[in-house]
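K.L.:
predicted structure and sequence below. I'll ask about it afterward.
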Amino acid sequence: MDQATAQLLFEQGASLVFLDMPEGSEFGIDFNSWNVGAEFRGMKMIPPGVHFVYYSAIDRDKQAAPRSGFFHNFSKREILVKKWDPSIEDIKMDAVRPEELARFEESKKNMDRFLAPYPYESFKKWVSLTNHITPQILVDLQPECGIICAVAQFISEASTSQSRKRNAEIEAMEGDGGDQQSENKTRHSSAEDKLPSLKAAQGTRIRYSEIPTQKYPAGANPSEITKYSIDSSFQLETLQKRYKANPSGILGEIQFAFICFLVGQTYDSFEHWKQLVHLLCTSDEALHTYPKLFTDFIGMLHFQIREIPEDFFVDIVSQNNFLTTTLHELFSNLESQDVDATLRSRGLKFRQHLTEKFKWDFTSEPDEYAPVVVESAD
């Protein structure tokens with residue numbers, strides 16, 4: 001970082017004060033993470049904009065807990081204060097009182113030596129992967145609790161008189177003995193019935209868009225039903241109603257899901273990312289309706305594929321041949337239609353790049369489209 005940029009960030013950059021984090025815990029922001037020392041109090045010189053902050057506590061055996069984190073849209077010179085609560089092994093969600101925040105602002109210079117500078121060298125890459133995530137998308141998608149957890153949070157439902165009566169009956173049946181077959185039949189079900197009933201903790205779910213299940217318009221004729229069963233454009237158009245004020249909002253949701261699985265380590269986000277990528281890649285008619293959306297989509301995929309770790313990458317490519325099959329449909333649609341020239345050029349250059357870099361073959365039909373040979377019995 002040059003001196004001018006450092007001075008600008010020092011004057012206008014945001015600060016994250018992160019108090020009482022146990023020594024040795026993981027703390028990270030965007031693509032960078034560290035194990036915190038005894039004097040760690042947070043981070044300074046954070047470029048204004050959207051960032052992802054995450055952390056993992058460690059136990060007495062130095063084992064790290066599953067990662068948790070949150071997105072925050074930092075404004076210029078903002079001071080965000082978070083405190084660690086050892087009783088819940090997570091950050092406190094209570095807002096810092098105004099007078100306490102004022103004390104932090106007054107003692108900023110004294111606090112400065114305890115704050116690590118933001119690693120600006122990776123900021124350009126971060127922006128390329130989050131440029132469609134707006135503050136409104138953060139409001140719409142983040143869980144109500146404000147924290148994104150790598151492991152789903154469940155709570156045990158309280159037992160009822162009916163469930164207790166049923167368990168008592170099962171125990172009585174087991175105590176009476178009976179034939180071996182009856183005992184074997186009830187053993188498995190009784191073990192399951194005795195397990196606590198779990199449900200997702202309220203407010204912890206990421207509020208992703210529901211992928212529309214209706215593939216074609218109401219009252220569609222047979223030709224339209226056939227068309228839209230292959231072309232996902234009607235589903236995309238339905239989904240776009242959520243982003244009526246911002247047509248590229250779906251790209252922000254794709255980026256949000258990508259960061260949540262890449263950095264936040266949430267597998268459900270990986271699945272949602274795949275669903276949205278497949279939806280756009282198989283939307284043929286929409287290429288004419290949203291040429292800029294698809295041009296930006298291709299550019300976004302270019303940056304995302306560069307950052308996917310090898311272990312994830314193997315899964316994305318090999319599991320049902322997802323990525324190559326899905327992109328094959330996108331490239332075929334771009335070639336078979338008279339689409340926007342800029343969009344076609346961007347798409348075909350992207351295909352060439354993938355072919356050269358990964359040796360993927362987009363010229364032959366994927367296996368799932370190959371004709372099925374049925375041998376007749378003699």
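P.N.:
Alright, I've got the coordinates.

K.L.:
contact partners of stretch 273-290?
P.N.:
Under the criterion C-beta atoms under 8 Å, 6 or more residues apart in numbering, residues 211, 230-233, 235-237, 239, 247, 250, 253-254, 257-258, 261, 293-294, 297, 301, 316, 322, 326-327, 329-330, 333-334, 337, 339-340, 343 lie in contact with stretch 273-290. Quick note: C-beta positions are derived from backbone N, CA and C, even for glycine.

K.L.:
and Met111, that's in a helix?
P.N.:
Yes. Assigned with DSSP: H, G, I helix; E, B strand; the rest coil, Met111 falls within a helix.

K.L.:
in what helix or strand does Gly347 lie?
P.N.:
helix 341-358 (DSSP states H and E).

K.L.:
and the strands in this protein?
P.N.:
Counting by DSSP state E, the segments of the chain that form strands are 14-19, 26-29, 32-35, 42-46, 49-56, 68-74, 79-85, 90-91, 115-117, 148-149, 154-156, 198-200.

K.L.:
what is the rounded mean pLDDT of the last one?
P.N.:
It refers to strand 198-200. Per-residue pLDDT over strand 198-200 has a mean of 63.

K.L.:
name the nearest residue to Trp34, ignoring sequence neighbours.
P.N.:
Phe27 (5.9 Å; C-beta to C-beta, 6 or more residues apart in numbering).

K.L.:
and that neighbour, what does it touch?
P.N.:
Phe18, Met21, Ser33, Trp34, Asn35, Val36, Phe40, Tyr54, Tyr55.

K.L.:
partner residues bridging the last one?
P.N.:
Listed beta-bridge partners, Tyr55: Phe27, Ser68 (assigned using DSSP bridges).

K.L.:
check whether it really touches Gly24, as I assumed.
P.N.:
No. The criterion here is C-beta atoms under 8 Å, and Tyr55 misses it with Gly24 at 11.8 Å.

K.L.:
quick one, which of these two is more surrounded?
P.N.:
Ranked by neighbour count (other C-beta atoms under 10 Å), Tyr55 and Gly24 place Tyr55 first, with 24 against 13.

K.L.:
that one and Asp20: what is the separation?
P.N.:
12 Å (C-beta to C-beta, to the nearest Å).

K.L.:
any idea how far Tyr243 is from Phe350?
P.N.:
Taking C-beta to C-beta, one finds Phe350 at 23 Å from Tyr243.

K.L.:
cool, Gly264 as well?
P.N.:
22 Å.

K.L.:
contact partners for the closest residue to Ser33 other than its chain neighbours?
P.N.:
Distance criterion C-beta to C-beta, 6+ apart; nearest residue to Ser33, sequence neighbours excluded, is Glu26 at 5.5 Å. With contact taken as C-beta under 8 Å, 6+ apart, Glu26 is in contact with Ser33, Trp34, Asn35, Val36, Tyr54, Tyr55, Ser56, Ile58, Ala64, Arg67.

K.L.:
just the buried ones from those residues?
P.N.:
Buried members of the contacts of Glu26, scored by 16 or more other C-beta atoms under 10 Å, are Val36, Tyr54, Tyr55, Ser56, Ile58, Arg67.

K.L.:
how does this protein divide into domains?
P.N.:
Following automatic domain parsing, the chain resolves into domains at 14-130, 158-195, 222-369.

K.L.:
got those domains as CSV, with distance to Ile147 columns?
P.N.:
Shown next, in CSV, are those (distance: least, C-beta to C-beta, whole Å):
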stretch, distance to Ile147
domain 14-130, 5
domain 158-195, 24
domain 222-369, 10
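
K.L.:
I'd like the strands of the chain as CSV, with distance to Glu285 appended.
P.N.:
Putting the strands of the chain into CSV (distance: least, C-beta to C-beta, whole Å) gives the following:
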stretch, distance to Glu285
strand 14-19, 43
strand 26-29, 41
strand 32-35, 42
strand 42-46, 42
strand 49-56, 32
strand 68-74, 33
strand 79-85, 44
strand 90-91, 46
strand 115-117, 49
strand 148-149, 34
strand 154-156, 41
strand 198-200, 36
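
K.L.:
pick out the residue closest to the middle of this protein.
P.N.:
Note on the chain: the residue nearest the mean C-alpha position is Ala257, at 2.5 Å, using C-alpha atoms, centre = their mean.

K.L.:
can you list the low-confidence ranges for this protein?
P.N.:
Scanning the chain for pLDDT under 70 picks out 107-109, 153-200, 311-320, 365-378.

K.L.:
quick check, nearest of the buried ones among the contacts of Glu26 to Asn110?
P.N.:
Set against Asn110, the nearest of the buried ones among the contacts of Glu26 by C-beta to C-beta is Val36 (19.3 Å).
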